[in-house]
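*Asks:* the following comprises the amino acid sequence and a computationally predicted model.
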Amino acid sequence: MAIQGAVVYDSVAADAMNLETTTVDAAKDPLEQRISFTTGLFAWPALQDTITDSHLVARDRLGRTIAFLARIFHDRLLPNADQIYALGIDEGSAVVVDPDGTATLLNGRDGHGAYLVRTDTPPRLVPGRPLHYTVEIAHIARNGERFDLLYKQSPERWYTITVDGTRPPYYDEDPYKQ
């Protein structure tokens with residue numbers, strides 16, 4: 001899953017520094033050098049204009065994922081995209097996708113589901129400055145629940161979350177309780 005999006009967090013720069021990129025790091029400075037991406041590995045229609053991230057809840061990666069969206073917009077890694085998406089999936093969960101783009105959530109024991117994130121707002125990023133960025137999220141949580149990954153449509157309501165890198169817990173509300 002980690003490499004199937006249109007943009008892939010490749011961790012090449014972080015690995016060279018022997019560092020991991022966490023929500024704390026990415027929210028404090030989304031332009032830091034350890035964040036690096038690769039584009040063009042796959043061209044799956046359902047993941048066009050999308051980055052994927054795994055272990056979302058277990059490793060509190062939602063803030064990192066949102067920082068990646070801001071960085072992708074800022075760096076113009078998807079120059080033809082008016083809206084950029086992320087698909088985050090937690091451990092114990094999987095999303096299988098039919099050829100028509102219909103996705104089905106499969107939850108194992110303790111699976112927290114999938115998070116579809118979207119933004120159409122270019123960020124205001126300044127080197128060395130914390131992230132302050134608002135996105136919309138749909139949490140797909142029920143085992144067997146289906147959603148349209150091709151057109152990024154969810155039966156769940158979309159809600160907003162703001163990441164504020166100036167202070168923990170970095171979110172304006174608990175994003176995992178929705």
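*Replies:* Looks like it came in fine. Residues are numbered from 1 along each chain as shown.
*Asks:* switch to C-alpha atoms for all contacts and neighbour counts from now on
*Replies:* OK.
*Asks:* how about residue 128: what's its closest non-neighbour residue?
*Replies:* In space, and not counting its chain neighbours, residue 128 is closest to residue 29: 5.4 Å by C-alpha to C-alpha, 6 or more residues apart in numbering.
*Asks:* quick one, what contacts that neighbour?
*Replies:* Residue 29 makes contact with 127, 128, 129, 130, 131, 165 under the criterion C-alpha atoms under 8 Å, 6 or more residues apart in numbering.
*Asks:* got a winner among those for most neighbours?
*Replies:* Neighbour counts for the contacts of residue 29 (other C-alpha atoms under 10 Å) peak at residue 131, which has 27 neighbours.
*Asks:* ramachandran angles for it?
*Replies:* Listed backbone geometry of residue 131 is phi -80, psi 140, with angles given as degrees, to the nearest 10.
*Asks:* any idea how far residue 103 is from it?
*Replies:* Relative to residue 103, residue 131 is positioned 31 Å away (C-alpha to C-alpha, to the nearest Å).
*Asks:* which residues sit in contact with the closest residue to residue 93 other than its chain neighbours?
*Replies:* With C-alpha to C-alpha, 6+ apart as the measure, residue 107 is the residue that lies nearest to residue 93, at 4.3 Å, once sequence neighbours are left out. By C-alpha under 8 Å, 6+ apart, the residues touching residue 107 are 92, 93, 94, 113, 142, 143, 144.
*Asks:* fine by me, thanks again.
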